[in-house]
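Asks: quick one: sequence plus predicted model below, questions after.
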Amino acid sequence: MICAFVGFPEKYSKTQLTIGTVQFLTAVYLVGWIFSIYWGWLMLQKGIQDKAEVQQFLNRTNARSEGAPAR
């Protein structure tokens, strides 16, 4: 639930806040655990997808850091 407020300076993420609240309220039941694992999996997949997109962009533009030797 904290992440709903951290990533958005002007406003908060209603989706993250709702999901966090529902997970918190259902944590004593198996439903909360499954719900938490599912959303964790979705976040992991999104992170992997974003990393791949950034890598493709860097490969397309031949971006290098200043100190890196040329290949």
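Replies: Structure's in. What do you need?
Asks: give the rounded mean pLDDT of the lengthiest helix in the chain.
Replies: Longest helix of the chain, by residue count under DSSP state H: helix 30-61. Confidence for helix 30-61, expressed as mean pLDDT, is 85.
Asks: what comes up buried for that helix?
Replies: By 16 or more other C-beta atoms under 10 Å, the buried positions in helix 30-61 come out as 35-36. For every residue, glycine as well, the C-beta is placed using N, CA and C.
Asks: against which helices or strands is it packed?
Replies: Packing partners of helix 30-61 (3 or more C-beta pairs under 8 Å, 6 or more residues apart in numbering; DSSP states H and E): helix 14-25.
Asks: before we move on, the earlier item: helix 14-25 and the longest helix of the chain, what's the angle between them?
Replies: 150 degrees (axes from the mean of the first three to the mean of the last three C-alpha atoms, to 10 degrees).
Asks: what separates helix 30-61 from the chain centre, distance-wise?
Replies: How far helix 30-61 lies from its chain's middle: 6 Å, per C-alpha atoms, centre = their mean, to the nearest Å.
Asks: spit out the contact partners of the residue most central in space within the chain.
Replies: The residue lying closest to the centre of the chain (C-alpha atoms, centre = their mean) is Met43, at 4.4 Å. By C-beta atoms under 8 Å, 6 or more residues apart in numbering, the contact list for Met43 is empty.
Asks: so how far is Ile37 from it?
Replies: Per C-beta to C-beta, to the nearest Å, Met43 is found 11 Å from Ile37.
Asks: now do Ile48
Replies: 17 Å.
Asks: and what of Leu58?
Replies: Separation of Leu58 from Ile37 (C-beta to C-beta) stands at 32 Å.
Asks: I appreciate the help and will end here.
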